[in-house]
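Enquirer: Structure for this input, please:
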Amino acid sequence: MREIAARPERRYAFKHPLVQDAVYNTLLMRRRHELHELVGRALEALYSGRLEELYAALARHYAAAGHWERAFEFALLAEDWEHFAVLMDSAVHRIPVLERTGIRKLYNGPESFTPDNQF
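Expert: Model (predicted):
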């Protein structure tokens, strides 16, 4: 392991991907699931104010933990969040009560788009 960043937060990485794979493969499957779930929860708790930066990582950890529904939620948001965030900011500006309303599901399908592609 080596430190790859000290600021703004400390970050560590394996010196070589093969070492990482070797260590990972020594873990029992149950323990891998537990660790991925712990990492997912820790990321959500530590970075609650900026989760959009971590959607892909959260989806990956929750999938590896076997929490498919949670992984799917983050996977849906990962690619298009920057585009969606602009739309949500605009919607909150127009309808202030949305700021206090939790979004339980995000549907992104043909019915979500306008014929002129102006969303």
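
Enquirer: what comes up buried for the longest helix along the chain?
Expert: Using DSSP state H to define each element, the chain has its longest helix at helix 29-46. Neighbour-count burial for helix 29-46, counted by 16 or more other CB atoms under 10 Å, picks out His36, Glu37, Val39, Gly40, Leu43, Glu44. Every residue, glycine included, has its C-beta placed from N, CA and C.

Enquirer: Output the contacting helices and strands for the helix or strand following that helix.
Expert: Next helix or strand after helix 29-46 toward the C-terminus (DSSP states H and E): helix 55-64. Where contact means 3 or more CB pairs under 8 Å, 6 or more residues apart in numbering; DSSP states H and E, helix 55-64 is packed against helix 29-46, helix 68-78.

Enquirer: Adding distance to Lys15 and mean pLDDT, write those helices out as TSV.
Expert: Shown next, in TSV, are the helices and strands packed on helix 55-64 (distance: least, CB to CB, whole Å; pLDDT from 0 to 100):
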stretch	distance to Lys15	mean pLDDT
helix 29-46	20	94
helix 68-78	28	78
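
Enquirer: Nearest to Ala5, out of those?
Expert: The closest of the helices and strands packed on helix 55-64 to Ala5 is helix 29-46. By CB to CB, the value is 15.2 Å.
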